[in-house]
Each structure stands twice: as structure tokens, then as C-alpha cells.
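S.K.: Here is my input; please provide its structure:
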Amino acid sequence: RQHGFARVMRGELGPVPQKEMRRFESKYPLGASFRNMITPLADKVDGETAKTKAPLPADPAVLSRHIKQLGYFLRADIIGICRLPRYAVYSHNLAGKEVNLEHKNAIVIAVDQNYETMLGSTGEDWISNSQSFIGYTNSALISCTMADYIRRLGYPARAHHAMNYQVLVTPLLLLAGIGEMSRAGIVLNPFLGTRFKAAVVTTDLPLEADRPVDFGLQQFCEKCLKCADECHSKAISGEGKIMHNGYETWRFNADQCSKFRTSNPHGSACGRCIKVCPWNKPEGWTHDLVRWMVKNTPFLDKLLVKMDDVRGYGRQDKRYKWWFDMEEVDGVLKMPD
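M.R.: Next up, the predicted model:
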């Protein structure tokens, strides 16, 4: 209830963001369509568990491989598994109702927001919110399908997606080995950057946990600063790390980010930090080499950032712009000012 958008809705971050929040998804027609598709999935997160267990192998490693392959079959981009710590479970939901979730394991599902669309955008234009929603909607469908399947096998399972999380996704992404914490306040994956959204399935199905990863991001983010320099809301700090709630991390101003995303006058939401991040890259041997260098030759990090600028990464490439800019105002679509 204290995240940025919830505070915007209550008017705690000012009257303009609160007013704009009412049309946050609907002011761009594709965003409104995604919202219309994901809403029914709010009722599909949980259900009755089969009374008898399926004749499955007893080996958690075998079951984990099975679940991961299921995730990829359902078109997830990355799947990780971890134990579900109590600190990652919310005490109450958005309505203030106490959360009672005792599952042992978490399956974490990451869905790409599409690299070529990110190439064609500025990161803060009219497609931005829809880029988020393609990840949220697809991960919601995947998580609900997976949870329903596990329940049919005789094990309790609940999906957690953008409509009703009962768990904090960020620590689960870290524990499941999907990425490291970045300067932008987002978990960063070495193959997708921060260009993904995530959902979670919690369950008592016996599973083998993955491990957290270290691919050199902390040293890299310390030197890079591109997201901080390019953040128009000034929500991302360009300074060093601080201690916050017992953790060493970079300061992130969620209020500033939320206000800008909801009231952006030149687009729908914002993903500028994702757009300019040097880790926002497709597959390829050159980018694989750079990933190796970040891990093994951190003294070259500043040079890698400089080369990212020289190659023009982070700029809009209009050859990839396929969408129409338009805004819904009082029920009428028009070209934005």
C-alpha cells in the first residue's frame, strides 16, 4: 500500500498525478486493451487443489526441470526458482486484508518487453506503458496457467501478478538468480537488462532452488551513471551507495518516478532508464564478449560505457517505430500536442 502508484491514487503525491492516474492506462488505446485483458486474470490466481497427488518423480531437481520447461513452453523468457522467505511475503494486501501465505517455494517468471520496440522508442513516449503491459499481461497468463496446472497435480499453488501480488518480487528475482540490483532500483538481468516484467508462482511442490548471481553489475553501475543522467524525473541518484533498511544500495526516489510516469505530458508512462541502459541488448557474440568483460575485467567498465555511447545505443531508431502516437481525451482519440 506504500508503493508509488498506490500513494498517487490516494493523492499523497499531489492532485495532478492523482487526476492523471485515473487515465494512466486508458489514455493510450493499446494500454487500455492490455488492461482489459489482464483484469479477468485477477480472479484466476488461486483455486482448489486436487485431492490426490499425481504420480510424479520424487526428485526436486527433476520436478524443477519440468516446471522450467513448462514456463518456456508457455513463452516465458527466463524462469528461476527459490525458497520463499517470510520477509518476501506482504503482511497485508492493497485493501488492507491480512495476507496468509505459507508456501515454501517460489517460481519466478520473467517476460521480455521486446527489444526492437525499445529500439524504436525514446523510452518515454506513447508506447512505453504498453511495453510494461505486454510483460505484465503475458507473465500473468503464464503464472495463472502454471499455478492451475500445479494445483491439478495435487499441490497448492498461487499466482502473483500485476493485479494482486502477495509477495515482493524484487527479492525473489535476486534469490532465484535472475539478476542483480541495479542503480535504477530495478533488478537487472545480464541478457535482458531491465527490459522485463515478472510474475511469481508460490507453491509447496518440491523444487530445487537456484542460486543468486554475481556478474559484476555492482562495480559496473558504480561507474556507468547513464540511467541517472538520463532520468528526467531525477529519481535515480548519481551518487554512491547508502545503507537503507540494513541493505547497501543506491538511493531511488519512488515518489519522483511515480509522479512523472503517471503525469508524463509527452507519452504514456516512462521507461527511459531501461532504454538507455547498456545492458539493453540483443543476443550476439559481441554483446556476449562484453558481458564476459564486465565480469572478468572490471577496470574496463568505463571504456565499455564510452563505447556504448559511441555506437549510439540508447538513441531512438525510428526505423523500428511501428505504433501511432495518439491520446484519448474525453473519450476521443487525437494526435498528442
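S.K.: how about low-confidence regions in the chain?
M.R.: Along the chain, no part satisfies pLDDT under 70.
S.K.: Please name every helix or strand in contact with the host helix or strand of Q256.
M.R.: Secondary structure from DSSP states H and E places Q256 in helix 254-263. Packed against helix 254-263 by the contact rule (3 or more C-beta pairs under 8 Å, 6 or more residues apart in numbering; DSSP states H and E) you find helix 4-9, helix 15-21. Quick note: C-beta positions are derived from backbone N, CA and C, even for glycine.
S.K.: Just name the most buried of the ones you listed.
M.R.: Sort the helices and strands packed on helix 254-263 by mean neighbour count, taking mean count of other C-beta atoms under 10 Å, and helix 4-9 sits at the top with a mean of 18.
S.K.: Return the alpha-carbon coordinates of that one using PDB.
M.R.: Output of helix 4-9 as PDB, limited to C-alpha atoms (Å, rounded to 0.1, in the frame of the first residue of the first chain):
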ATOM      1  CA  GLY A   4       4.400   4.800  -5.600                       C
ATOM      2  CA  PHE A   5       1.200   4.200  -7.600                       C
ATOM      3  CA  ALA A   6      -0.800   3.500  -4.500                       C
ATOM      4  CA  ARG A   7       0.300   6.800  -3.000                       C
ATOM      5  CA  VAL A   8      -0.500   8.600  -6.200                       C
ATOM      6  CA  MET A   9      -4.000   7.100  -6.200                       C
END
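S.K.: what does it contact?
M.R.: 13, 17-18, 21, 24, 94, 254-255, 257-259, 262 (C-beta atoms under 8 Å, 6 or more residues apart in numbering).
S.K.: Of those - the most surrounded one?
M.R.: With neighbours taken as other C-beta atoms under 10 Å, the top of the contacts of helix 4-9 is T262, carrying 26 neighbours.
S.K.: Could you tell me how many residues sit around the nearest residue to G96 once chain neighbours are set aside?
M.R.: Spatial nearest neighbour of G96, excluding adjacent residues (C-beta to C-beta, 6 or more residues apart in numbering): R1 at 7.1 Å. Look at R1: counted by other C-beta under 10 Å, it has 13 neighbours.
S.K.: Report the distance from the helix ranked longest in the chain to the chain centre.
M.R.: Longest helix in the chain by number of residues, with DSSP state H as the criterion: helix 128-152. Taking C-alpha atoms, centre = their mean, to the nearest Å, one finds helix 128-152 lying 12 Å from the centre of the chain it belongs to.
S.K.: other SSEs contacting the helix or strand following that helix?
M.R.: Scanning forward in sequence from helix 128-152 by DSSP H and E, the next helix or strand is strand 157-160. Under the contact criterion of 3+ C-beta pairs under 8 Å, 6+ apart, strand 157-160 touches helix 128-152, strand 196-203.
S.K.: Next, format these as JSON lines and append distance to K226 and mean neighbour count.
M.R.: Shown next, in JSON lines, are the helices and strands packed on strand 157-160 (distance: least, C-beta to C-beta, whole Å; neighbours: other C-beta atoms under 10 Å):
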{"stretch": "helix 128-152", "distance to K226": "18", "mean neighbour count": "23"}
{"stretch": "strand 196-203", "distance to K226": "18", "mean neighbour count": "27"}
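S.K.: Nearest to L174, out of the ones you listed?
M.R.: strand 196-203 (11.3 Å; C-beta to C-beta).
S.K.: Based on its surroundings, how many neighbours for the closest residue to F196 other than its chain neighbours?
M.R.: Once flanking residues are discounted, F196 sits nearest to A110: 4.5 Å by C-beta to C-beta, 6+ apart. The tally of other residues near A110 (other C-beta under 10 Å) stands at 27.
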